[in-house]
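A.B. asks: No letters, just coordinates:
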């Protein structure tokens, strides 16, 4: 392709409405343009990069044994009713009516395709002999974004690779999950992404395993905790801390002062109480009343921490965990909402590991407009013993019958690692992929079942596996750019190289440049010829901005010496090649880079 | 790929809800499944065929110099307001609000992308030096279908290749138009489609030229008139007849009877009058009152014919043509709507060529509940002379000043050809492509202009070029199938060949079959191995149904003789090849077919 024949509007100025490097650079390098908030046009070079990423995804999916299908975006709303997901999707689901022959037809644009694919499989698969199978597609997804931003990182319309596996046993699921996990590693490696596979929350129903593939980046919206020592990494919802037991002291310490009730009129939340009592949140005990599988329990957490409801659910062996309603709170505390505290509360009480370490803490008084200060666990009141929790119907496995504490909060930077004697470090990340053992949630709702070899019927066991294809580009640019522009890897660069004639008015220069262009094309190199009648400086700036991996410069002193200049975007020094050998040399260098990225 | 590893649910029975062969066969051959009315999932083999068609389209677009972009489906409604197309799209446009941060955002799913692409170009192209350029995409389009039907022939979501050209002169537009036309011919040839390029109506605004690419098929919803003698073909809206002047007689003939007014109470339409007067529509003169650029005129047409408003518009050199409102009709006829006739009408009167030939015709009496019978032009009243039409402000070029008739109706089967002494034949067709000189309609509405070499500003001249990619498959199947199933051309077949081992339990058979499968894959042949443990008859039936171009059968007597059977789906007799030479022979035969389709 010649520069003057494609559509590549580069921008000299920083776009004022772009916040993050990938957004700025994709606009400046002429890769994308916004059509409306959350919807972008891919210009020719942006679309080339996207299609290259897509091709790598497809190749690895095929290699991993998945079979490609293509499901429509338009789907009947009824499918989401059957899986109870309309409320769960909420405002994200784009649903509307169309009128056909005077009748309203309600439909939704699929935000993901579990429903459609499971319904398809339910209609056509009935025997264990037809399992396992993995279906995938690379298709546009629609999700209304409350706050579309960061260019193509968060849009309402994006290209997703979504795969769904169907198995007749956990072993089959595990095998497919591993195959997908491995394929994802190859995909992101081949795309030149510095990915981390992190443990992710897998939710109450279904399988026991989920990983997110993250690109560590300061502009990522996801938070990851990782321990460099052991390689452990998990997202913040999932990360465990190394704490296994209560921090000291669990009983009143020597510094303990007398517990006193104080008046806190109208101050019913942590921040309000801190203001009134002039204290810091980390000295408070937050008392949250939960309904756990219908049973009421008080959960204590330090004032500056957040309860992780999935950890709570697992700690109590429960299926559902919800904050209790106001009526229940008033019943167990005898006070209005906002003044709950452990002393005298009429329900079991459990605490996060960090709570017993508090000396002279502050908490609710179970009375309107009142808190208690100088509270000390073990002196003023105590946690509910495990034996009592068990007899109340909580399924606490692996615990003795004594009093104990639990890991109930989100992990934080500085917490001990669960896998080594190191500490957890907090980094931001961009999620580019997710593998997930779904279990039977969808197959049960949508009647996808199989008969085993004894003619017994079982729900099919599912997994799902997603990649945000556009985010591969954004993630790459976030992590691979400099002050001058993008630095593409050879695998997904819009073009592998650019041929820059220093002066298009010089016939001798153009003869060599055209010869190179033609011979590189013939050699299967993905090449752009910068045939614009501009000064060399402007062309070099644009070449760096767009980020072609290799720049081949023709003209000037080099031409007199019979050489062309070969400059890799990610190397400081330029190389040279004799004009006669240049094409072969380029082919060799490009192949070497490709081989390296492919991990061959 | 192995049959047992893909997802290929063939059906023995005819699906009861499918009407046309392509729909029936795509369901039976396991290519598609319906998700809801107008929305289909492509199963693995269907999607392979679609992607092959897509690849051919992309290759030819690139070759023709078009540059690929990708625009979003989500578009701001405001763009369609600027081009005044919201009403024109009507119920077809899928528009709805999404809520973002409590604010409603109105959007539409693009049914086509003239607006988006023109807005993009308006922002980035400003000089004649940047023109011409052609941008294209292969992307999902959304159009609400009142009556989705015929499988993938008429759906609400489909894959379209749409290209838009931008030029600074008519000559540039003509060149691009021709390049696109030629590319379309190559695309449809390569896909094995028996296409016809027909002249199509280009509409009042914009260019003067438009062609539709049609697949003649009894189930097509478009109607084409063609003259085999000259090769002339046009769609029914566009087709000219060979008639240049009035058919005889133009004056009262010897058989003329006296004109008489008769009572036709409540009978205001052709059918009602025919019933009351026991006559046939072709003996009636239909009198339609039009408002042509604001001027009122009566148009006469035979009772069994339809006015072609584009022909009327062109005949009168007008920009707009609309049926007159009731008030105007009552004014010029002095009667209620439904009783208009030429005698005594108070406006100019023109007629189609076929009207003066009527002897003793029946027409409205310009009086309530009355018609006149035995009407004869030239005796009872006359048409308006051209001189009078001209002085009334109608732009009638190339006509003298006398009375004349015009080509005002849709052409019909049996009409004389405009290009030869033959007659027109009516065939149905499936539209698979459309090329269109748009002119400046969109560039004017959306401010897409350029400065010429004298710094003068002009609107950019546009063309648009569409292909329905899914319809390539449906069109192919409609025209290429037999009682047993689909007959794919080698270019877009889901797989080029199927290897059928007669008995998968026979180790010797499987050894040869597996060897063939592996070697064909290695030779770059797109091969499916039918590894199902079924009887040979069932496998042959499925192979014919799915329609693999080549079936390679391994086993039975052939194996004893050291040969495999090579059977082309579109040939009656099977061939044989020695086992050792079979792979090379297959490669050779497939290549020969490919070369032939590519027209090389």
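C.D. replies: It's in. Every value quoted in this text rests on a predicted model; they were computed, and no experiment measured them.
A.B. asks: Provide the strand pairings for the strand of greatest length in chain A, with the direction of each partner.
C.D. replies: Assignment by DSSP state E gives strand A:425-439 as the longest strand of chain A. Partner strands and pairing direction for strand A:425-439 (DSSP bridges) are strand A:210-216 (antiparallel), strand A:222-227 (antiparallel), strand A:461-468 (antiparallel).
A.B. asks: what's the helix or strand containing residue A:99 packed up against?
C.D. replies: In this assignment (DSSP states H and E), residue A:99 forms part of strand A:94-100. Contacts defined by 3 or more CB pairs under 8 Å, 6 or more residues apart in numbering or on different chains; DSSP states H and E place strand A:94-100 against strand A:103-109, strand B:94-100. Glycine gets a C-beta too; all of them are placed from N, C-alpha and C.
A.B. asks: Rebuild those strands as TSV, extending it with distance to residue B:555, mean neighbour count and mean pLDDT.
C.D. replies: Putting these into TSV (distance: least, CB to CB, whole Å; neighbours: other CB atoms under 10 Å in any protein chain shown; pLDDT from 0 to 100) gives the following:
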stretch	distance to residue B:555	mean neighbour count	mean pLDDT
strand A:103-109	49	17	93
strand B:94-100	53	17	92
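A.B. asks: The strand holding residue A:99 pairs with which strands?
C.D. replies: Assessed with DSSP bridges, strand A:94-100 is paired to strand A:103-109 (antiparallel).
A.B. asks: Check which residues of stretch A:339-355 are buried.
C.D. replies: By neighbour count with 16 or more other CB atoms under 10 Å in any protein chain shown, stretch A:339-355 contains the buried residues A:339-343, A:345, A:347-355.
A.B. asks: of these, the lowest pLDDT goes to which?
C.D. replies: Of all these, residue A:343 carries the smallest pLDDT score, 87.
A.B. asks: That one is in contact with residue A:375, isn't it?
C.D. replies: Yes. With contact defined as CB atoms under 8 Å, residue A:343 reaches residue A:375; the gap is 7.1 Å.
A.B. asks: Overlap of the contact sets of those two?
C.D. replies: Common neighbours of residue A:343 and residue A:375, counting by CB atoms under 8 Å, 6 or more residues apart in numbering or on different chains, are A:259, A:363, A:381.
A.B. asks: Tell me which entries of the residues you listed lie within strands.
C.D. replies: When the shared contacts of residue A:343 and residue A:375 are checked against strands (DSSP E), the matches are residue A:363.
A.B. asks: Neighbour-wise, which one of the shared contacts of residue A:343 and residue A:375 leads?
C.D. replies: The most crowded member of these is residue A:363, carrying 26 neighbours; neighbours defined as other CB atoms under 10 Å in any protein chain shown.
A.B. asks: So what sits opposite that one in the bridge?
C.D. replies: Judged by DSSP bridges, the bridge partners of residue A:363 are residue A:372.
A.B. asks: who's in contact with it?
C.D. replies: Contacts of residue A:363 by CB under 8 Å, 6+ apart are A:284, A:285, A:286, A:287, A:341, A:342, A:343, A:371, A:372, A:375.
A.B. asks: What pLDDT does the model give it?
C.D. replies: Per-residue pLDDT puts residue A:363 at 94.
A.B. asks: do you know how far it is from chain B?
C.D. replies: According to CB to the nearest CB, to the nearest Å, residue A:363 stands 36 Å off from chain B.
A.B. asks: Distance of that residue relative to residue A:116?
C.D. replies: 50 Å (CB to CB, to the nearest Å).
A.B. asks: Could you look up the SS state of the residue of the stretch 351-500 of chain A found nearest chain B?
C.D. replies: With CB to the nearest CB as the measure, the residue in the stretch 351-500 of chain A that lies nearest chain B is residue A:470; the distance is 10.4 Å. Taking DSSP: H, G, I helix; E, B strand; the rest coil as the rule, one finds residue A:470 in the helix state.
A.B. asks: My guess is it contacts residue A:51. True?
C.D. replies: No. With contact defined as CB under 8 Å, residue A:470 and residue A:51 do not form a contacting pair (11.5 Å).
A.B. asks: So for stretch A:276-284, what gets flagged as buried?
C.D. replies: Counting neighbours by 16+ other CB under 10 Å, one finds that the buried residues in stretch A:276-284 are A:277, A:279, A:283, A:284.
A.B. asks: contacting residues around the second one?
C.D. replies: Translated: residue A:279. Neighbour list for residue A:279: A:273, A:362 [criterion: CB under 8 Å, 6+ apart].
A.B. asks: what about 7 Å?
C.D. replies: With contacts defined as CB atoms under 7 Å, 6 or more residues apart in numbering or on different chains, the neighbours of residue A:279 are residue A:362.
A.B. asks: How about the last one?
C.D. replies: Under the criterion of CB under 7 Å, 6+ apart, the contact partners of residue A:284 comprise A:270, A:273, A:303, A:361, A:362, A:363.
A.B. asks: Report the beta-bridge partner residues of it.
C.D. replies: residue A:362.
A.B. asks: Mind checking what secondary structure residue A:27 has?
C.D. replies: Three-state secondary structure (criterion: three-state DSSP) places residue A:27 in helix.
A.B. asks: where does the stretch 351-500 of chain A dip in pLDDT?
C.D. replies: A:398-399 (pLDDT under 70).
A.B. asks: tell me the strands in it, going along the chain?
C.D. replies: Taking DSSP state E, counting those that start in this stretch as the criterion, the stretch 351-500 of chain A contains strands spanning A:361-364, A:370-375, A:425-439, A:449-451, A:457-459, A:461-468, A:481-482, A:485-486, A:497-501.
A.B. asks: right, and those strands - which one's nearest residue A:99?
C.D. replies: Across the strands of the stretch 351-500 of chain A, the minimum distance to residue A:99, taken as CB to CB, is reached by strand A:461-468, at 33.3 Å.
A.B. asks: How is chain A divided into domains?
C.D. replies: Recorded structural domains for chain A (assignment: automatic domain parsing) are A:44-73+A:110-232+A:426-477, A:260-391, A:495-598.
A.B. asks: got the end-to-end distance for the first one?
C.D. replies: Pointing back at domain A:44-73+A:110-232+A:426-477 there. Between the opening and closing residues of domain A:44-73+A:110-232+A:426-477 lies a distance of 17 Å (CA to CA, to the nearest Å).
A.B. asks: again with the shortest one
C.D. replies: End-to-end distance for domain A:495-598: 18 Å, by CA to CA.
A.B. asks: do stretch A:161-178 as well
C.D. replies: Using CA to CA, the two ends of stretch A:161-178 sit 17 Å apart.
A.B. asks: Please list the outside residues in contact with it.
C.D. replies: Contacts of stretch A:161-178 with the rest of the structure, by CB under 7 Å, 6+ apart, involve A:57, A:61, A:66, A:112-114, A:117, A:121, A:125, A:128, A:131-138, A:180, A:207, A:209, A:435, A:437, A:450, A:452, A:460-467, A:469.
A.B. asks: same question for it, mean pLDDT?
C.D. replies: Here stretch A:161-178 scores 96 as its mean pLDDT.
A.B. asks: Which parts of that stretch count as buried, going by neighbours?
C.D. replies: Of the residues in stretch A:161-178, those buried under the neighbour-count criterion (16+ other CB under 10 Å) are A:161-168, A:172-174, A:176-177.
A.B. asks: What is the most widely separated pair among those residues?
C.D. replies: The span of the buried residues of stretch A:161-178, defined through CB to CB, is set by A:161 and A:168 at 24.5 Å.
A.B. asks: what number of residues lie near the closest residue in space to residue A:395 that isn't next to it in sequence?
C.D. replies: Closest residue in space to residue A:395, ignoring its immediate chain neighbours: residue A:317 at 2.8 Å, by CB to CB, 6 or more residues apart in numbering or on different chains. Residue crowding around residue A:317 was assessed by other CB under 10 Å; the count is 14.
A.B. asks: In contact with residue A:317, which residues are there?
C.D. replies: Residue A:317 makes contact with A:394, A:395, A:396, A:397 under the criterion CB under 7 Å, 6+ apart.
A.B. asks: For chain B, what is the nearest residue in the stretch 501-600 of chain A?
C.D. replies: Residue nearest to chain B within the stretch 501-600 of chain A (CB to the nearest CB): residue A:533, separated by 9.8 Å.
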